[in-house]
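K.L.:
Could you look at this predicted model? Sequence included:
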Amino acid sequence: MNLLDFIFFFIYVVIFYIIFAIRRKRYTDPLLKKYHRQSFWIKVFGTFSFCIFVVYLSPGDTNGLYYPEGINIAKMITKDFSNVQLILQRGEDFDQALLNDIANAGYFNEESNFMVTRLVTIFSFFTFGKFMAINLVFSMISFTGTWRLYRFFYEQYPHMHKQFAIAILYLPTFVFWSSGILKDPICTGALGWITYSLYSIFYKKSNLIKNLIPLLLFSYLIIELKVYILVAYLPFFILFLLLKNVNLIRSRAVKVMIVLSLFAGSIMGFVRITNSIQGALSRYAAEGISKGIKNYQVNYQNQSNFVESNFSLGVEFDGSVYSLARMAPAAIVATLFRPFLWESKKASTFLSSLESLTIMLFSLYVLKKAGIMGFLRSIIKNPLVLYCFCYSIIFALFVGATTLNFGTLVRYKIPGTPFYLIALFMILDLSRRNKKSPDTNIQAVAV
């Protein structure tokens, strides 16, 4: 990065601020205005911190693969517009001889890697190819989606605005790892857009075209980048919409059967795609490695740190449902609560371990306050808790079963962490309400 990078970064911060300030004027709720303004500046700070981190502290695929290759393609298109076909084709068809760095050969065989590079190329034409500005664009895509996710939960329980802000807008690792040129900002943004669009279409019955366009666009992006997120997410969000939209499922037995069926369906879907996902994760998990030959010594050190951060669940996953079931408890615990403090080898994972420790202690606190039966009762009776908790657990299983390195785990788990925290916050809230009014039906409070 040079001085121009910083100058353009602040110019684009001003541009985005003006755009969002105009949008913010439409809000009549002062709380929404406050949280929107605060979360915008938090994302800006997160983007600035992320850029400093990947350039000066821990080079990775952001500045070793996605950015240089995206700028390289943009330059080829600028010289000859017919080269625009380079971003219209599949990554596996990309001519390796055209790479900016031959050390990146093979990475575009994974379409998710090429999709990020493709987006860098497109955004470079609007940002003059400046590194920090492009990172900011990725960050703002995430911001628009996570803001819609916040609005969705806020509309369900306005009195829990602080808790939802903590889980979605303020969570350190979630903000940091969704603030730069990576797959994660697009995926987190897409999850928010998909959630709010589906909710608007099937429950609020609002403008179909207005919501269908972002639904299709972001569904396409998340399928190309990390399809397993949708495999874990959609079944339980659809269940929420059914329970929210119509009150047809009154029998507890029927609810339990539906939930178990959705769990089974998600797991079977995971098993079907796990070989390709696991292969992608094993090939591309070392995203903290800069790949240029000139950085060979740095690469060696980074590779050593990567190996030191590996861990084992004690059960080898062979692609079968049986092995997945055996490793499920360890995988879920690893995603939600690891790395533990003594397992952190680097500053980045140490900060994540502090957050994980906080989440673990909060989980125990909620379990103690609600009681085991109250905890389970809140999940079963409240559609929103049911969907958040089930998705976060299934997602934790997916990630924990396929990601055996703390350096990547802290990033891969962020699409599920907010939902787990929201489930905990709601269980605690419902427990307190139930104790104040023992005769109050939890479901009545929920709907």
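P.N.:
Happy to help now that I have it. Residues are numbered from 1 along each chain as shown.

K.L.:
For the residue lying closest to Gln38 once chain neighbours are set aside, the count of nearby residues, please.
P.N.:
With sequence-adjacent residues excluded and distances taken as CB to CB, 6 or more residues apart in numbering, Gln38 is closest to Leu169, at 7.2 Å. Every residue, glycine included, has its C-beta placed from N, CA and C. Leu169 has 22 neighbours, counted by other CB atoms under 10 Å.

K.L.:
Tell me the pLDDT of Leu169.
P.N.:
On the pLDDT scale, Leu169 is placed at 96.

K.L.:
who's in contact with it?
P.N.:
35, 38-39, 42, 146-147, 150, 175 (CB atoms under 8 Å, 6 or more residues apart in numbering).

K.L.:
Contacts for the one helix or strand Phe123 maps to next, please.
P.N.:
Secondary structure from DSSP states H and E places Phe123 in helix 111-127. Applying CB under 8 Å, 6+ apart, the contact partners of helix 111-127 are 8, 12, 61, 65-67, 69-71, 73-74, 77, 87, 90-92, 94, 107-108, 133-134, 137-138, 181-183, 186, 221, 224-226, 280, 284.

K.L.:
repeat that with 6 Å
P.N.:
Residues outside helix 111-127 that contact it (CB atoms under 6 Å, 6 or more residues apart in numbering) are 66-67, 69-71, 73-74, 87, 91, 107-108, 133-134, 137, 183, 224-225.

K.L.:
List the buried residues for it?
P.N.:
The neighbour-count check on helix 111-127 (16 or more other CB atoms under 10 Å) flags 112-121, 123-124, 127 as buried.

K.L.:
do stretch 38-55 as well
P.N.:
Residues 39-40, 42-44, 46-48, 50-51, 53-54 are the ones in stretch 38-55 that count as buried (16+ other CB under 10 Å).

K.L.:
Stretch 208-228 now?
P.N.:
211, 214-215, 218-219, 221-222, 224-226, 228.

K.L.:
Just send these back as TSV, with pLDDT too.
P.N.:
Formatted as TSV, those follow (pLDDT from 0 to 100):
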residue	pLDDT
Asn211	89
Pro214	93
Leu215	93
Phe218	95
Ser219	93
Leu221	95
Ile222	94
Glu224	92
Leu225	93
Lys226	90
Tyr228	85
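
K.L.:
hmm, which two among those are most spread apart?
P.N.:
Using CB to CB, those span at most 24.3 Å, a distance reached by Asn211 and Tyr228.

K.L.:
can you give me the helices in the stretch 151-300 of the chain?
P.N.:
All helices of the stretch 151-300 of the chain, identified by DSSP state H, counting those that start in this stretch, fall at 161-164, 172-177, 183-202, 208-245, 252-284, 296-308.

K.L.:
Show me the shaky parts of the stretch 251-400 of the chain.
P.N.:
251-309, 311-312, 315-321 (pLDDT under 70).

K.L.:
Just the closest of the contacts of Leu169 to Leu424, please.
P.N.:
Nearest to Leu424 among the contacts of Leu169, with distances taken as CB to CB, is Tyr150, at 16.7 Å.

K.L.:
Using the three-state scheme, assign that closest one.
P.N.:
Classification of Tyr150 using DSSP: H, G, I helix; E, B strand; the rest coil returns helix.

K.L.:
Let me see the contact set for it.
P.N.:
Under the criterion of CB under 6 Å, 6+ apart, the neighbours of Tyr150 are 164, 168-169.

K.L.:
Columns distance to Ser363 on top of those, output as JSON lines?
P.N.:
Converted to JSON lines, these look like this (distance: CB to CB, whole Å):
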{"residue": "Phe164", "distance to Ser363": "18"}
{"residue": "Ile168", "distance to Ser363": "18"}
{"residue": "Leu169", "distance to Ser363": "21"}
